[in-house]
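Visitor: Turn this into a structure:
(2 chains)
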Protein chains: 2
Amino acid sequence: MDEFELIGRYFAHMGAARADVDLGVGDDAALLRVPESTDLVAAVDTIVEGRHFPAGAAARSIGHRALAVNLSDIAAMGAEPAWATLALTLPRADKEWLDGFARGFGDLACAHGVALVGGDTTAGPLTISVQILGHVPRGSALTRGGAKAGDVLAVTGTLGDAGAGLALATGALEMRDPAAARELLQRFEYPTPRVEFGIAARGIASAAMDISDGLVGDLPKLAAACGLGATVEVERLPMSRALHAAGDEEKTRAWALGAGDDYELLIAVPPERFSELATRAGQLNLTLTAIGALHRGNALKWTLHGAEFTPSVQGFDHFRRASTQITV
Amino acid sequence: MDEFELIGRYFAHMGAARADVDLGVGDDAALLRVPESTDLVAAVDTIVEGRHFPAGAAARSIGHRALAVNLSDIAAMGAEPAWATLALTLPRADKEWLDGFARGFGDLACAHGVALVGGDTTAGPLTISVQILGHVPRGSALTRGGAKAGDVLAVTGTLGDAGAGLALATGALEMRDPAAARELLQRFEYPTPRVEFGIAARGIASAAMDISDGLVGDLPKLAAACGLGATVEVERLPMSRALHAAGDEEKTRAWALGAGDDYELLIAVPPERFSELATRAGQLNLTLTAIGALHRGNALKWTLHGAEFTPSVQGFDHFRRASTQITV
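Guide: This is a model prediction of the structure:
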């Protein structure tokens, strides 16, 4: 099987079929029709074996993750995903691995109506770059910088699950409750990008970003983009029952604060519109939890039951950490 | 220097400033305005150390190459490049290397008016994926599949230079003529994507692709996309004086046929419009050389001075070759 057979076999029919693709995989470039009066939305994210997922992880979960982390960026803009390109560097052309990868990537692409419109395969250490393209009605994108002092800070879903899931996957954590362990592993291996919620939050949320590097690492970026300070009441961080089964309070809190793989959204919303947004989340079977507020200044304050609190974890930084995304 | 400082420092201001970028580097995704009545054009290409360029190559040439190979895909569509995203995986954050890389990438981006609108850095073996975005008036893109039987096959510029340049760079070739050696090295290290010519060929050429894997590897793809056969008169392949100084006839011919790094365009054009297209090329200080023709059937025929000829080289295939793009 040579490179080009590979491309034809796995890439040409992966993902959704879309009428707005004039030319997909197989030419020098794809030709795509962007709806009028929209902004094109473009993001890129790379995942590397041993950095973003453990060596030997299931190929299907790698394929899922490679697209999910990008869909999460689209979700954070309130945009609608449409097309993706894939740059896949892999040590060798292994049919079984590629089948699994294509299933993981393809199933998630189909679920979100995303067409794969370009691909590139090269030999080398396992590295997957996906560029996602989508669109959003002009002027209605959610950015990181739109919030005002007084806006509520909120997060979707629960935090920390994927951190515990990674600890399970690498053998750093053992659990007696197999159902909870399965749930946490699933959250790490198959993160759910909050695309529908991002779209539902347009016109209501004042700022948004996805939590890919952990709340402690990501909140400062949102606050800085808004030119504001923030206070987070740490006891309000939403955690799943499965996470509570994984460790004591200190441990679960560290995962919820610092683990970066949940791909939930961090949202700012004017207080008078919080309940409307929470209702929309509920309609999508998703919780939205207020965890604090933005205020004037540039101080970031973390409190635990009213007392000042210093998070013991840092946001994920690929150049400081060796091989996992959490430090607990 | 942490990852995020890196991104801010090197990526935020790389490339051209464009008025159609509503939001560039620094949010979850970029927001871009695509002109109405155009098709969006998207392509991705990855280069890996030791595969697409020798280990230890100058950082500036790597930055240039990473963008050039993508601009070449845009050129092959007759499109206008506009935006790019960069996924950079590198072993460590080395300031000197990044300065060189940013200069090589940034200078070429500015020369073509391309804005860098998104980036992602990860730690790992040196791998660079660029996604290029551009646009073309709807319905006017050059594809691989539009040619008719009787159309002339032509190539821009000269072939084989980069193959010899790679041999020089890796020490596989030594030359007595330093000026010719410099020229060949330059052609390998700083390939020139034929963007202006691609745009000039719209409405005239019937098919186009870029020669990234070598003529022997790429011509069959164009012929197959057109559903046609092709004949190439090998003695007509355009070669530079510098290439002739690099080896005997057999060697230079093998580079011209098989080396994949020239990033010239392979064009099909109706015979009655060839001279018009050659004139346009000339206005861009570029030669356009007829090398053969497309015909009915699916046979690919190579002739040398009228006699049948069997190329001794194959197109570049990342999964069959170890570390260079030529086999001579």
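Visitor: nearest residue to residue A:33 other than its sequence neighbours?
Guide: Distances taken as CB to CB, 6 or more residues apart in numbering or on different chains place residue A:20 nearest to residue A:33, at 4.2 Å, with adjacent residues excluded. All C-beta spots, glycine's among them, are computed from the backbone N, C-alpha and C.
Visitor: How about whichever residue of the stretch 151-300 of chain A sits closest to chain B: which residues does it bridge to?
Guide: Nearest residue of the stretch 151-300 of chain A to chain B, counting by CB to the nearest CB: residue A:209, 5.5 Å away. On the basis of DSSP bridges, residue A:209 is bridged to residue A:266.
Visitor: That one is in contact with residue A:264, isn't it?
Guide: No. With contact defined as CB atoms under 8 Å, residue A:209 does not reach residue A:264; the gap is 10.4 Å.
Visitor: These two - which one has more neighbours?
Guide: Remark: of residue A:209 and residue A:264, residue A:264 carries more neighbours, 29 against 26, as counted by other CB atoms under 10 Å in any protein chain shown.
Visitor: just to revisit the earlier point, show me the contacts for the residue nearest to residue A:33.
Guide: Residue A:20 makes contact with A:32-35, A:82, according to CB atoms under 8 Å, 6 or more residues apart in numbering or on different chains.
Visitor: Surely residue A:255 touches residue A:243?
Guide: Yes. Under the criterion of CB under 8 Å, residue A:255 is in contact with residue A:243, at a separation of 6.7 Å.
Visitor: Give me the phi and psi angles of residue A:161.
Guide: Residue A:161 adopts backbone torsions of phi -60, psi -50, taken as degrees, to the nearest 10.
Visitor: Check residue A:250 too.
Guide: Here is the backbone geometry of residue A:250 (degrees, to the nearest 10): phi -60, psi -40.
Visitor: Strands of the stretch 1-150 of chain A, start to end?
Guide: Using DSSP state E, counting those that start in this stretch, the strands of the stretch 1-150 of chain A run over A:21-23, A:30-32, A:38-48, A:80-90, A:115-123, A:127-137.
Visitor: same deal with the stretch 201-328 of chain A?
Guide: Along the stretch 201-328 of chain A, counting by DSSP E, counting those that start in this stretch, strands occupy A:207-210, A:229-233, A:265-269, A:288-295, A:300-304, A:307-308.
Visitor: Which elements pack onto the first one?
Guide: Right, strand A:207-210. Applying 3 or more CB pairs under 8 Å, 6 or more residues apart in numbering or on different chains; DSSP states H and E, we find strand A:207-210 packed against helix A:59-76, helix A:215-226, strand A:265-269.
Visitor: could I get the ones you listed as JSON lines with mean pLDDT and mean neighbour count?
Guide: Listed next are the helices and strands packed on strand A:207-210 as JSON lines, based on pLDDT from 0 to 100; neighbours: other CB atoms under 10 Å in any protein chain shown:
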{"stretch": "helix A:59-76", "mean pLDDT": "96", "mean neighbour count": "27"}
{"stretch": "helix A:215-226", "mean pLDDT": "95", "mean neighbour count": "21"}
{"stretch": "strand A:265-269", "mean pLDDT": "98", "mean neighbour count": "27"}
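Visitor: now the helices: where do they sit in the stretch 151-300 of chain A?
Guide: Using DSSP state H, counting those that start in this stretch, the helices found in the stretch 151-300 of chain A span residues A:161-169, A:178-189, A:195-200, A:215-226, A:241-244, A:249-258, A:274-283.
Visitor: Check whether stretch A:64-79 comes near chain B.
Guide: Yes. Using CB under 8 Å from any CB of the partner chain, stretch A:64-79 reaches chain B at A:72-74, A:76-77, A:79.
Visitor: how far out from the middle of the chain is that stretch?
Guide: Relative to its chain's centre, stretch A:64-79 lies at 6 Å (CA atoms, centre = their mean, to the nearest Å).
Visitor: Kindly export that stretch (C-alpha atoms) in CSV.
Guide: Taking Å, rounded to 0.1, in the frame of the first residue of the first chain, the C-alpha atoms of stretch A:64-79 are listed here in CSV:
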residue,chain,number,x,y,z
HIS,A,64,-11.8,11.1,17.7
ARG,A,65,-9.5,13.3,19.7
ALA,A,66,-7.8,14.9,16.7
LEU,A,67,-11.1,16.2,15.4
ALA,A,68,-12.7,16.8,18.8
VAL,A,69,-10.1,19.3,20.0
ASN,A,70,-10.6,21.3,16.8
LEU,A,71,-14.4,21.1,17.0
SER,A,72,-14.1,22.4,20.5
ASP,A,73,-12.4,25.6,19.1
ILE,A,74,-15.3,26.0,16.7
ALA,A,75,-17.7,25.5,19.6
ALA,A,76,-15.9,28.2,21.6
MET,A,77,-16.6,30.7,18.7
GLY,A,78,-20.3,29.9,18.5
ALA,A,79,-19.7,28.7,15.0
